[in-house]
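In: Could you look at this predicted model? Sequence included:
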Amino acid sequence: MDVLYETHGPIVLLTLNRPAKLNALSYGMIDALLAALDRAEADPAVGAVILTGAGRAFSAGGDIPEFAASIAGGADLAARDFSRRGQALTARLEGFAKPVIAAVNGLAYGGGCEITEAAALALASETARFAKPEVRLGIPPTFGGTQRLPRLAGRKRALELLLTGDDFSARRAEELGLVNRVVAPAELLPQAFALAHRILRHPTALPHILAAVQRGLNAPIAEGLEIERAEFARIAARATPQIDAWINRR
């Protein structure tokens, strides 16, 4: 199976599972990951998702031989099969209604880096390495990397990575805002689960916070504040018991 689906109470662990190929994102893997996200979102018992990779890589990026075959078929085929599919995946992760935590265990190149950019939160092993190597193939990133990385890291810092293709460390990824925290390899999944459990202490507001941030991030501030008010209005009545409990706490 290209993607393993494991349930741990209210948390689903999704594992990219092509270790012999460094979890390269084949069309089948992308489709399987989209299906797994649909399954997790539809299950009311699932509160959060952790995404990691099997073996020594998180994901080394797109499956280049498969992509090359699409390129050989013409620009329209390449755009449909590769770019649109990859952008659909990262958009799905970015707009997911439940928190997604990327647990980056190793190489996160190309599409693997773009998945990390799109996830709501990310932890990285000290041994993880990141890169935007598409420029070496003579193409720009195709899964959203030209858009999300500048928003996370700033235009000039992102362009240095996009234009050189140089790899960078987990610590540098933390400095750039690509990951929240760097941890020892043995602590990666335990820390990801601990973070998920801390988040799930407050389940009621989670989808509304995620929606407000995602929808408002690139909007003018006035529009973003309208989005925030709308999300508050959707949840305010349901929050009354929690507000009352807070007022009456001892």
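Out: That came through fine.
In: which ones are touching the residue most central in space within the chain?
Out: Geometric centre of the chain, nearest residue: residue 119, 2.1 Å, by CA atoms, centre = their mean. Counting by CB atoms under 8 Å, 6 or more residues apart in numbering, residue 119 touches 51, 93-94, 100-102. All C-beta atoms are positioned from the backbone trio N, CA, C, and that covers glycine.
In: Mind picking the one among the residues you listed that's closest to residue 58?
Out: Nearest to residue 58 out of those is residue 102 (CB to CB; 7.5 Å).
In: helices or strands up against the one helix or strand that closest one maps to?
Out: Following DSSP states H and E, one finds residue 102 within strand 100-104. Judged by 3 or more CB pairs under 8 Å, 6 or more residues apart in numbering; DSSP states H and E, the packing partners of strand 100-104 are strand 48-53, helix 111-118, strand 121-125, helix 188-199.
In: how far away is the residue nearest to the centre of the chain from residue 135?
Out: Per CB to CB, to the nearest Å, residue 119 is found 23 Å from residue 135.
In: Equivalent analysis for residue 236, please.
Out: 48 Å.
In: before we move on, what about residue 222?
Out: 37 Å.
In: on that earlier part again, so between residue 236 and residue 135, which is more surrounded?
Out: Shown here are residue 236 and residue 135; by other CB atoms under 10 Å, residue 135 has more neighbours (15 against 11).
In: Ramachandran angles for the more buried one?
Out: phi -60, psi -30 (degrees, to the nearest 10).
In: tell me the contacts of it?
Out: 162-165.
In: Just the buried residues from those residues, in PyMOL please.
Out: Per 16 or more other CB atoms under 10 Å, the buried members of the contacts of residue 135 correspond to this PyMOL selection:
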select buried, resi 162
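In: which residues of this structure score low on pLDDT?
Out: 73-79, 237-247, 250 (pLDDT under 70).
In: all strands for it, in order.
Out: Secondary structure of the chain (DSSP state E): strands at 3-8, 11-16, 48-53, 57-59, 100-104, 107-109, 121-125, 129-131, 167-169, 181-183.
In: Go ahead and confirm residue 28 touches residue 3.
Out: No - Residue 28 sits out of contact with residue 3 when judged by CB atoms under 8 Å, with a separation of 9.3 Å.
In: what's the burial count for the spatially closest residue to residue 3 that is not a sequence neighbour?
Out: Excluding its sequence neighbours, the residue lying closest to residue 3 (CB to CB, 6 or more residues apart in numbering) is residue 32, at 4.2 Å. Residues within reach of residue 32, counting by other CB under 10 Å, total 19.
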